[in-house]
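*Asks:* can't give you the sequence, but here's the structure:
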């Protein structure tokens with residue numbers, strides 16, 4: 001094999017982009033950190049950081065801490081999103097499914113014949129359904145318990161404080177807020193965007209793309225073409241992936257034990273309870289990942305329809 005042939009094969013590899021993408025990202029990160037540190041050293045910026053420390057005070061009657069229902073919601077949301085990411089990526093690759101499902105049972109009668117879909121799409125839509133149900137429960141409890149004040153911006157001071165928190169993150173001088181009591185402004189905006197913008201966008205575009213509904217909603221193509229809807233749905237998927245990566249990274253880098261206790265054990269200390277529950281949740285996800293194979297999924301799908309290969 002000649003050198004040129006090896007080079008061509010290397011370029012054709014899906015991992016070839018990492019040869020230059022990873023170093024470029026590292027250089028960009030270094031530039032951002034050095035630039036943020038230089039900016040923070042300016043007297044005017046230091047005074048501005050004192051005026052806008054990165055957090056906005058909550059009302060005096062705001063709830064403190066994370067109730068048990070929020071801990072469970074966090075795990076269920078992570079579990080469902082993991083498999084939504086997986087099936088979404090499988091659908092994006094557009095490979096021929098190992099089996100196809102056609103609905104034969106259900107609570108509603110339909111005039112049109114049922115649509116035949118691949119098992120990955122069936123699994124994706126099933127996960128979407130339970131994820132949306134979990135989200136509805138989350139929203140109801142969020143407003144019923146007053147936890148919404150921790151996620152919804154209430155004043156325009158959130159903007160300069162979010163910029164302040166972003167500058168602190170970029171300079172690697174982490175914001176010193178106590179997440180048990182209050183999120184910093186950048187966290188608040190990120191959670192608000194995820195819950196109240198990205199999630200509804202994923203639901204709306206997913207409904208628009210759903211088999212059986214795409215044809216009925218075709219008049220909407222004049223307003224929002226199907227190609228644009230598919231692009232938005234994919235961009236939202238990438239947003240959720242990026243949000244998850246950044247979220248997990250910051251949780252582990254800014255006091256892992258305390259943060260994991262907040263999210264999984266509902267306690268504000270540095271014991272190992274939260275880490276233990278987190279580790280158990282990873283095991284559950286890993287088992288679910290191994291079980292979610294086409295053969296087993298086809299058997300489950302047969303409970304509500306006909307599966308053909």
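*Replies:* Right, received. Where do you want to start? Source: prediction; values computed, not measured.

*Asks:* And the strands in this structure, which stretches?
*Replies:* Ranges of strands within the chain are 100-103, 116-118, 305-308, based on DSSP state E.

*Asks:* Could you dump those strands into TSV with mean neighbour count and distance to residue 267 added?
*Replies:* C-beta coordinates here come from the backbone N, C-alpha and C atoms, glycine included. As requested, the strands of the chain are arranged in TSV below (neighbours: other CB atoms under 10 Å; distance: least, CB to CB, whole Å):
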stretch	mean neighbour count	distance to residue 267
strand 100-103	20	43
strand 116-118	18	44
strand 305-308	16	44
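
*Asks:* Turn those into JSON lines, including distance to residue 60 and mean pLDDT.
*Replies:* Rendered in JSON lines, the data for the strands of the chain read as follows (distance: least, CB to CB, whole Å; pLDDT from 0 to 100):
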{"stretch": "strand 100-103", "distance to residue 60": "52", "mean pLDDT": "84"}
{"stretch": "strand 116-118", "distance to residue 60": "52", "mean pLDDT": "84"}
{"stretch": "strand 305-308", "distance to residue 60": "54", "mean pLDDT": "83"}
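
*Asks:* got those strands as TSV, with distance to residue 27 columns?
*Replies:* Formatted as TSV, the entries for the strands of the chain read as follows, by distance: least, CB to CB, whole Å:
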stretch	distance to residue 27
strand 100-103	47
strand 116-118	41
strand 305-308	50
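
*Asks:* Determine which of these approaches residue 177 most closely.
*Replies:* Each of the strands of the chain was scored for nearness to residue 177 using CB to CB, and the closest is strand 116-118 (45.5 Å).

*Asks:* Check what contacts that closest one and list those residues.
*Replies:* Contact partners of strand 116-118, identified using CB atoms under 8 Å, 6 or more residues apart in numbering, comprise 96, 97, 99, 100, 101, 102, 125, 211.

*Asks:* how about the helices in the stretch 201-309 of the chain?
*Replies:* If you assign secondary structure with DSSP state H, counting those that start in this stretch, the helices in the stretch 201-309 of the chain sit at 226-253, 256-260, 273-291, 294-301.

*Asks:* tell me the angle of the last one relative to helix 273-291?
*Replies:* Read it as helix 294-301. 90 degrees (axes from the mean of the first three to the mean of the last three CA atoms, to 10 degrees).

*Asks:* Any buried residues in stretch 152-159, and which?
*Replies:* residue 158 (16 or more other CB atoms under 10 Å).
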